[in-house]
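Here is a sequence together with a model predicted from it:
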Amino acid sequence: MSEKVLMKGNEAIAEAAITAGCRHYFGYPITPQTEIAAYMAKRMPKIGGTFLQAESEIAAINMVYGAASAGKRVMTSSSSPGISLKSEGISYLAGSDLPAVIVNAQRGGPGLGGIQPSQSDYFQATRGGGHGDYHILVLAPASVQEMAALTVKAFDLADKWRMPAMILADGTIGQVMEPVTFDFDIAPAPEKPWATTGTELRRPHNIVNSLCLQPEELERQNFARFDRYAQVEKEEPLCEEYLTEDADVVVAAFGIAARVSKNAVDEARRQGIKAGLIRPITLWPFPKANFAKLVGKTKAIITVELSMGQMVEDVLLATKCRIPVEKCNRAGGMIPSSERVLREIVEASQGGEIPW
Amino acid sequence: MVVFERPHALLDVPLHYCPGCTHGIVHRLVAECLDELEIEGKTIGIAPVGCSVMAYDYFGCDVIEAAHGRAPAVATGVKRADPSKIVFTYQGDGDLASIGTAETVHAATRNENITVIFINNAIYGMTGGQMAPTSLVGQVTQTSPYGRDPKLCGYPVKICEMLSQLEGPEYLARVTVNNVARVREAKKAIKKAFQNQIDGKGFSLVEVLSACPTNWGKTPKDALKWIDDAMIPYYPLGVYKDRSADQENR
Amino acid sequence: MLDYGFVIAGFGGQGLLFAGKFLAYAGLLENREVSWLPSYGPEMRGGTANCNVILSDGPIGSPIVSKPNVLMVMNGPSLDRYENSVYIGGRAFVDSTLVTRKIVRDDIYGIYVPATKMADEMGISGLANMILIGSIIRQTKCIKEETIVEALKKVIPASKANLFDANYKAVRAGLDYEVKEDSYGNDIRHDW
């Protein structure tokens, strides 16, 4: 599909997954991501793939675990409360070094929360979410085109690093319809000699497992995994910087919050304020280097999030608290307006009181 | 002359099971079936959480270790990924009939073409003898020290009877391994459960009433007797569903 | 070409999301940047529904239209809710069959089209949405008239291709309907 088509973000994820060679999807309905399941239900049977509506999110992620063990490109999708249920399975995927793609079209929480867009699962996604020492790759699309592109990338990265990868979207980017093309160079999935595909009596048996009762050995596995994570942190951070070069005030935001912020930055520039935008595309690995570069140049950072402030902690860490940071956040399904972000920029540029 | 040999599909490693535990017998029966049906090379086993958690070290086929109760979902993922493979789960009563009830019921109702070996020994073994969903009324365990009281925690779950009410599953049978004749019967049922999968017939579950002398506080011999005296009266042996046979008889 | 930010609002079932999609497809056909953002959730089932549409010649920042320069409303509550958000000098297109009141503000234009009544009289009940769209095209030139046919073909699913004629008829009726832009005479500004 190389022509430009209008598609919802959720549908773009589904089509991109198919483009990337994913033929197995397991899910459970939850607003606001159900278009992904609906799209898969329609397409998979026509291309010899599997769509299965599982009995629960827990079952769905474990079906993913099975198909990933079998060496297949596999995906599931859900929204915040469903991701909590999947978190056990995600920990097992990480502990068994299995590649898989998980989509979270976030909605407001905690608990059952609401169904309007949110970014309040940032901690859950970037810190692992389930039990144990682990990370998953976290990609944060800000447009329908990126929903597609980052889904393709998620499959590649997951296979490359043998890690689960999450598309951390939100209700807005899932629902919005924008032009998108699917012109991607699809690299074939790498060989997976570790997969449980049957020994054919020609090799010793493969075991997919996260159990290890010897603490020395389990520690060694953890250290080895974190060596790999260190490599990922070196090679894979992605970030968009917009007018940051000479900016006095830099807005830091991802996903839909970055879209809103971009409007505010443009308006601030029209008003003669040197404003810029820094937009992490990978939330884990966090683009620390891009933020570190701001130290000594930027007078203030404003973090814009659809949460009570979660990414802000990574911003403070990445800048070692050497730039004053002001939070501009909405929660519970509300989205900060461009006007409000603009007001924050204006205030910060005037050297207003910043309590850090 | 018949020489007694280790089945090829059972690896030459010491098993960690307690003396008198019947897991070893059932492992062997499964391995013999993989050998005789010549399917070891294309079989993927799913190990549970519970005493048989380390079954992945014992079977020669590829094995995936699943989260507690999720083996039927993992098996579904593997089978859907490649239907030409043979996929079985090996689960205990806590795994299959408590925390994983939903996965069990829904794999059965989808008639997922997998084989399920269900070890029912009426106790949580690995964690040291707590009440299982299948513990009998009055049974004393670490977490039912005054005996299982149905007013407090209900009645033991009868999986074969329960699943037999569903349209989905192909084959449901309850067997035991507390004497030689029954071991032979058990093997027949297990082999049929694999053959059904090979024939594409669908979800086949064999419940094996098993002994746990350690946590029952009995000698191995008394434990085998307790299966006769206490378990079988509540969990009658037999075939609870055999759709293909039923259809032929009609 | 100017940038347009639309808010299209009314009751669920009035075809508001469809009307918005039509504009988005038309923009796509004209090689412009477009976005279409629906409200979602239980409110769609019988309650209020709305969508935000942007047609732009440059990259679109936020797909959220907080200050529309074109508002289209098909019920009273939506006019109440969105009138104040309209950009100074913007236009509010009102289905005057369903909304009895006029706009209150004097710095935007009110355009009143008895779209529901017209649709009923034309035998195309349920297509008041597209009559209003026709009126919007007439008054704002937000899309070219020659794009209408192709955009309708894109937005009407293949399984409902038989509805093309009625939809076209509705847009045509809106295009032909003469209106007076009712305002107190401020300059119209289209940037938003």
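Arrived safely, thanks for sending.

hang on, B:Tyr240 in a strand?
Yes. Counting by DSSP: H, G, I helix; E, B strand; the rest coil, B:Tyr240 is located in a strand.

Next one: it, what pLDDT does it get?
pLDDT recorded at B:Tyr240 is 98.

which residues sit in contact with it?
B:160-161, B:163-164, B:172-174 (Cβ atoms under 8 Å, 6 or more residues apart in numbering or on different chains). C-beta here means a position set from N, CA and C on the backbone, and glycine is covered the same way.

Go again with 10 Å.
B:Tyr240 is in contact with B:158-165, B:169, B:171-174, B:205, B:207, counting by Cβ atoms under 10 Å, 6 or more residues apart in numbering or on different chains.

burial measure for the residue of chain B found nearest chain C, as a count.
At 26.6 Å from chain C, B:Ala102 is the closest residue in chain B, using Cβ to the nearest Cβ. B:Ala102 has 17 neighbouring residues, counting by other Cβ atoms under 10 Å in any protein chain shown.

what separates it from A:Pro287, distance-wise?
Distance of B:Ala102 to A:Pro287, given as Cβ to Cβ, to the nearest Å: 40 Å.

Show me which residues of chain C are close to chain A?
C:17, C:20-21, C:24-25, C:27-28, C:31-43, C:51-54, C:58-64, C:66-67, C:154-155, C:192 (Cβ under 10 Å from any Cβ of the partner chain).

Please give the three-state secondary structure assignment for the residue of chain A found nearest chain B.
Closest residue of chain A to chain B, Cβ to the nearest Cβ: A:Gly66 (2.4 Å). Secondary structure, three-state DSSP: A:Gly66 is helix.

where's the closest residue to it other than its chain neighbours relative to B:Ala193, distance?
Spatially, and ignoring its direct neighbours in sequence, A:Gly66 is nearest to B:Gly77 (2.4 Å; Cβ to Cβ, 6 or more residues apart in numbering or on different chains). Counting by Cβ to Cβ, the gap from B:Gly77 to B:Ala193 is 20 Å.

same check, this time on B:Asn121
19 Å.

B:Gly168 too?
15 Å.

How about C:Asp3?
66 Å.

mind listing the helices in chain B by residue range?
B:23-36, B:71-81, B:93-94, B:101-109, B:150-153, B:159-163, B:180-198, B:213-216, B:220-226, B:232-234, B:243-249 (DSSP state H).

Could you list the low-confidence segments of the stretch 251-356 of chain A?
Low-confidence segments of the stretch 251-356 of chain A (pLDDT under 70): A:352-356.

for chain C, same thing?
If you take pLDDT under 70 as the line, chain C has these spans: C:1-2, C:41-46, C:182-192.

gap between the residue of it positioned farthest from its centre and chain A?
Distance from the centre of chain C peaks at C:Ser159, with 24.2 Å (Cα atoms, centre = their mean). Going from C:Ser159 to chain A by Cβ to the nearest Cβ, to the nearest Å gives 13 Å.

Look through chain A and tell me its longest helix.
Longest helix in chain A, counting by DSSP H: helix A:215-235.

hmm, that helix touching chain B?
No. Using Cβ under 10 Å from any Cβ, helix A:215-235 stays clear of chain B, coming no nearer than 13.6 Å.

Touching the very next helix or strand once past that helix from outside, list them.
Going down the chain from helix A:215-235, the next helix or strand is strand A:239-242, by DSSP states H and E. Applying Cβ under 10 Å, 6+ apart, the external contacts of strand A:239-242 come out as A:142, A:146, A:247, A:250-252, A:254, A:258, A:261-262, A:265-266, A:275-282, A:286-291, A:293-294.

residues near A:Gln350, how many?
Neighbours around A:Gln350, by other Cβ under 10 Å: 9.

Can you turn the buried part of the contacts of B:Tyr240 into a PyMOL selection?
This is how PyMOL selects the buried members of those, with burial counted by 16 or more other Cβ atoms under 10 Å in any protein chain shown:
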select buried, chain B and resi 158+159+160+162+163+169+171+172+173+174+205+207
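
re earlier: pretty sure the residue of chain A closest to chain B contacts A:Ser96?
No. Contact criterion Cβ atoms under 10 Å: A:Gly66 and A:Ser96 do not qualify, at 11.1 Å.

Pull up the overlap in contacts between the two.
Common neighbours of A:Gly66 and A:Ser96, counting by Cβ under 10 Å, 6+ apart, are A:208, B:64.

Could you list which residues are in contact with the most far-flung residue of chain A relative to its centre?
Ranked by distance from the centre of chain A (Cα atoms, centre = their mean), the top residue is A:Leu201, with 40.0 Å. Applying Cβ under 10 Å, 6+ apart to A:Leu201 gives the contacts B:8-9, B:38, B:40-42, B:60-61.

List phi and psi for it.
phi 60, psi 20 (degrees, to the nearest 10).

what's the answer for C:Ile111, then?
Residue torsions, per degrees, to the nearest 10, at C:Ile111 are phi -120, psi 120.

How about the contacts made by it?
C:70-72, C:91-94, C:96, C:103, C:132, C:135-136, C:138-140, C:177, C:179-183.

Bridged to the residue nearest the centre of chain B, which residues?
Centroid check for chain B by Cα atoms, centre = their mean gives B:Phe118 as the closest residue, at 1.7 Å. Counting by DSSP bridges, B:Phe118 forms beta bridges with B:Gln91, B:Glu207.
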